[in-house]
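my questions are about this predicted structure, shown below with the sequence.
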Amino acid sequence: MLKFKSLQFLYNDGENDFMAITSSSLRNDRMSLDITTNGDVFSVIVTSNSEITIQKMWAEFEYYFSEDDKIFLNGYQSWTDSVEHDIHDKMRGISHIPSAIRDKYAFSQYGDYNFADYGDDMHGWSYGYIRNKFCYNFIGSLSEDSGFTQLITQTDKNKICINKDCENLSINGEWCALKILLTNGTENEVFDRYFDFLGVKAPEAEKIFGYTSWYNHYQDINEEKIRDDLRGLNALTRKADVFQIDDGWQTAVGDWLSVDTEKFPSLMKKTADDIKAEGLIPGIWLAPFVCEENSEIFRDHREWLLLDDKLDPVKGGSNWSGFYALNIYNDDVREYIRKVLSTIVNDWGYKLLKLDFLYAVCIIPRHDKTRGQIMSEAMDFLRECAGDALILGCGVPLASAFGKVDYCRIGCDVGLDWNDKPHMRLMHRERVSTKNSLLNSVFRRQLNGRAFLNDPDVFLLRPCNNSLSDEQKKCLAEVNSLMGSVLFTSDNFYDYTEDEIKELSKILQIRDAEIITADLCDDTLILRFKIGEKKFIKRYDL
């Protein structure tokens, strides 16, 4: 178990800097610091008598690691690689990439590289555990809406540190700095307990099976291709639930009410109607918190952009023509997003919204709001705007989506190969990788049915337009079916031979399996699961 040792608290009262290192509560004429342990919950509450600016909130716990411990630390957002580690493992940031390349492709914006240290210690966000065989020592933040909580393992010092992302936050009054569940038990016991403490109820949404256009056509979509792939579902004996149109229908990212009429001359309502006529839920992709440089929004509404301390627009990444974050505390931005989602849901008829690149909204904090608070409020706003439509979140810090989306991506994009080219493997932790996507599905499996329903991204069984081996395709399809509740593909089923049809039938039959254990030994994934009373062991060479 973890044993609390000390808390380090730095702040400024407007004139002077102050630091407290303590293991118990304290008070002075400027503020009070209340440190409590109530059962399994460790809490720190700061109450200031006037405005103060917080610089650091850091708690240290003693924990004695053993050589056979496995450490899981949840990555920053959906796409960040998140697997169990041995205690001597390291995590690689992006400092090894030449600065010219880092800056050109804005690699730092996709993850936590601007506000987390990458050195000898491993770190994660919001929740994690140390596992020894079947015993889980679990650490989970109960207060991510007040700021993201970083978990740091210093295995050489037998320490676990908890750091609140709150630098330069101004408060005046009471602020919940830390509220952490520290518990142990079996896998199901600790995760059930965590979501009970969070007050997040099991999602009401149902498992879905269907199609998304991205991994066959990418942005090169049009009405004819969509109709052709829609007809392809007729080759199935098992009826699909969802048909989702991905990126490429709009004239530019950000201009969501401007349909590319060369691609979709009948506009998007007609396409939704065609999908509904087949008895399917129409789905559509958009990235509501960003706009690309080539968009009308970027040209005509520069006042909508999120600005940094130098009053420069905040870049979100290098996709498309380069893209920038919108400021959701701008009333015009909020009204625009409301109008976009209302139009898509109520006028066009799309009932599943894949909302992507959501992390961009909280790339930089405000003086009065942490990244975690911004992300939490942004997700509440999207839930309100979407109404009864289903939300599939993507590219989002996961704890901010707990209980607020119906489905959520829990890994990076798969590729049309296994693990990309060797030089691409040196990129950021959020890069495209089928292998990494699959491993995230395994090691974030406990969120499925508790926080939301997991989307492990697509499987690809088709014999064309990819370079995956037959074994890799089967591995991806089976893991996605076992670990997730969203089973999507971008395959046109008329491309399937008898072998692919048999494999699809097989993966549909294992969707209700109960996972017993999952272990990664070197590059071999070992899954133990049961269907009914029958138990199975599967080994995959990754």
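Cool, the structure landed. Numbers count the residues shown, from 1 in each chain.

which residues touch residue 140?
When contacts are counted by CB atoms under 8 Å, 6 or more residues apart in numbering, residue 140 touches 126, 127, 128, 180, 181, 194, 197, 198. To be clear about C-beta, it is placed using only N, CA and C from the backbone, and glycine gets the same treatment.

if we go to 7 Å?
127, 180, 181, 194 (CB atoms under 7 Å, 6 or more residues apart in numbering).

so how many other residues sit close to residue 418?
Other residues within reach of residue 418, judged by other CB atoms under 10 Å, total 19.

touching, it and residue 472? I think so.
Yes. Taking contacts as CB atoms under 7 Å, residue 418 lies within contact range of residue 472: 5.4 Å.

hey, where'd the helices end up in the stretch 401-542 of the chain?
Remark: helices assigned in the stretch 401-542 of the chain by DSSP state H, counting those that start in this stretch are 434-443, 470-483, 498-509.

for the closest residue to residue 201 other than its chain neighbours, phi and psi?
Spatial nearest neighbour of residue 201, chain neighbours left out: residue 403 (6.9 Å); criterion: CB to CB, 6 or more residues apart in numbering. For residue 403, the backbone dihedrals (degrees, to the nearest 10) come out as phi 70, psi 0.

you'd agree residue 403 is up against residue 200?
Yes. If you go by CB under 7 Å, residue 403 and residue 200 touch, sitting 3.9 Å apart.

shared neighbours of the two, anything?
The overlap between the contact sets of residue 403 and residue 200 (CB under 7 Å, 6+ apart) consists of residue 451.

now do the SS call for the spatially most central residue of the chain.
For the chain, the residue nearest the mean C-alpha position is residue 78 (2.1 Å; CA atoms, centre = their mean). Secondary structure assignment for residue 78 (DSSP: H, G, I helix; E, B strand; the rest coil): coil.

distance check, residue 467 against residue 426.
Residue 467 is 20 Å from residue 426, where distance means CB to CB, to the nearest Å.

oops, could you answer that again for residue 44 instead?
39 Å.

settle it for me: which of the two has more neighbours?
residue 44 (22 against 13).

shouldn't that one be within a strand?
Yes. Checked against three-state DSSP, residue 44 lies within a strand.

contacts only, for it.
Listed by CB under 7 Å, 6+ apart, the contact set of residue 44 reads 7, 33, 35, 57, 177, 178.

just put those residues in a markdown table and tack on pLDDT.
Putting the contacts of residue 44 into a markdown table (pLDDT from 0 to 100) gives the following:
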| residue | pLDDT |
| --- | --- |
| 7 | 98 |
| 33 | 97 |
| 35 | 98 |
| 57 | 98 |
| 177 | 98 |
| 178 | 98 |
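
keep only those of those residues that are in strands.
Applying DSSP state E to the contacts of residue 44, the entries found in strands are 7, 33, 35, 57, 177, 178.

so what's residue 117 up against?
Shown in contact with residue 117 (CB under 7 Å, 6+ apart): no residues.

could you do residue 455 as well?
392, 407, 408, 409, 410, 484, 486.

now do the contacts for the residue nearest to residue 419 when sequence neighbours are not counted.
Spatial nearest neighbour of residue 419, excluding adjacent residues (CB to CB, 6+ apart): residue 435 at 4.5 Å. With contacts defined as CB under 7 Å, 6+ apart, the neighbours of residue 435 are 418, 419, 542.

ditto for residue 206
No contacts exist for residue 206 under CB under 7 Å, 6+ apart.

same question, residue 22
6, 7.

so what's it bridging to?
Beta-bridge pairing for residue 22 (DSSP bridges): residue 7.

on that earlier part again, JSON lines for the contacts of residue 44, including neighbour count and distance to residue 503?
Converted to JSON lines, these look like this (neighbours: other CB atoms under 10 Å; distance: CB to CB, whole Å):
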{"residue": "7", "neighbour count": "23", "distance to residue 503": "54"}
{"residue": "33", "neighbour count": "21", "distance to residue 503": "58"}
{"residue": "35", "neighbour count": "20", "distance to residue 503": "55"}
{"residue": "57", "neighbour count": "25", "distance to residue 503": "51"}
{"residue": "177", "neighbour count": "24", "distance to residue 503": "51"}
{"residue": "178", "neighbour count": "24", "distance to residue 503": "47"}
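
for residue 25, state which of the residues you listed is nearest.
Using CB to CB, residue 35 comes nearest to residue 25 of these, at 5.0 Å.

these two touch, right, that closest one and residue 20?
No. At 10.6 Å, residue 35 and residue 20 do not qualify as touching, with contact defined as CB under 7 Å.

any idea how many residues pack against the closest residue to residue 266 other than its chain neighbours?
Nearest-residue entry for residue 266: residue 223, 6.2 Å, with adjacent residues in sequence omitted and distances by CB to CB, 6+ apart. Using other CB under 10 Å, the number of residues around residue 223 comes to 17.

helices of the stretch 201-350 of the chain, start to end?
In the stretch 201-350 of the chain, helices defined by DSSP H, counting those that start in this stretch lie at 214-217, 223-232, 267-277, 296-300, 331-342, listed in chain order.

just say which of these is most tucked in.
Mean neighbours per residue, mean count of other CB atoms under 10 Å, is largest over the helices of the stretch 201-350 of the chain for helix 214-217, with a mean of 22.

and that one, C-alpha only, in CSV?
Only the C-alpha atoms of helix 214-217 are listed here, as CSV (Å, rounded to 0.1, in the frame of the first residue of the first chain):
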residue,chain,number,x,y,z
TRP,A,214,-11.8,6.7,-43.0
TYR,A,215,-9.5,3.6,-43.3
ASN,A,216,-10.4,2.9,-46.9
HIS,A,217,-10.8,6.3,-48.5
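
report the contact partners of the residue nearest to residue 266.
Taking CB under 7 Å, 6+ apart, we find residue 223 in contact with 263, 264, 265, 266, 271.

and the gap between it and residue 104?
35 Å.

pLDDT score for residue 255?
On pLDDT, residue 255 comes in at 98.

for the spatially closest residue to residue 186 that is not a sequence neighbour, grab phi and psi.
Once flanking residues are discounted, residue 186 sits nearest to residue 134: 6.0 Å by CB to CB, 6+ apart. Phi and psi for residue 134, reported as degrees, to the nearest 10, are phi -100, psi 0.
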